[in-house]
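>>> Need coordinates for the below:
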Amino acid sequence: MDQVSMATIADRAGVSVMTVSRALRNVGRVSSKTRARILELADASGYRPNPLVSALMAQRRSAHPSAKREVIAFLTSDLTPDGWKNTFTASEFSKGAQEQAAKLGFEIAFFWTRDPKMSG
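Predicted structure coming up:
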């Protein structure tokens, strides 16, 4: 089954995507009749919001956007916590990952999988 978008629901309901968004979030000026029709269409078509997009949009709409950056884990499993730094390939991967993550607004956190304090 194909993913149903808010645009699809908007087309079927004869309203704008913004109206669908407001109706699904139960905010803004949307009549109860229109909201009910949109919710019925969304349910009947199997619409499911993308949680990542929902979180991003909530952050963008916030009066106090988060200064926190999302984190990507860089896992290593050498015999020592920093052993990977002595390997050219792993070191270059790390540099490239950090550069690309910074461009996209992420940060890299390093985790040594053999750390006795780390659990599954």
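>>> The most centrally placed residue in the chain is in what secondary structure piece?
Centroid-nearest residue in the chain, with CA atoms, centre = their mean: residue 52, separated by 2.7 Å. Assigned by DSSP states H and E, residue 52 belongs to helix 51-61.
>>> and the next element down the chain from that helix?
The C-terminal neighbour of helix 51-61 among helices and strands, as given by DSSP H and E, is strand 70-76.
>>> could you check the angle helix 51-61 makes with that next one?
Here strand 70-76 points in a direction 130 degrees away from that of helix 51-61 (axes from the mean of the first three to the mean of the last three CA atoms, to 10 degrees).
>>> Sheet partners, orientation included, of strand 70-76?
Strand 70-76 has its sheet partners listed here by DSSP bridges as strand 106-112 (parallel).
>>> same for the lowest-mean-pLDDT helix or strand in the chain, what does it pack against?
When the helices and strands of the chain are scored by mean pLDDT, DSSP states H and E, helix 51-61 comes last with a mean of 78. Where contact means 3 or more CB pairs under 8 Å, 6 or more residues apart in numbering; DSSP states H and E, helix 51-61 is not packed against any helix or strand. Placement of C-beta: from N, CA and C, glycine included.
>>> now that helix, how far from the chain's geometric center?
Distance of helix 51-61 from its chain centroid, counting by CA atoms, centre = their mean, to the nearest Å, is 7 Å.
>>> Pull out the buried positions in it.
Neighbour counts using 16 or more other CB atoms under 10 Å place no residue of helix 51-61 among the buried ones.
>>> Kindly report the same for stretch 74-81.
Along stretch 74-81, these residues count as buried under the neighbour rule (16+ other CB under 10 Å): 74, 76.
>>> Kindly report the same for stretch 106-119.
Neighbour counts over stretch 106-119 (16+ other CB under 10 Å) mark residue 112 as buried.
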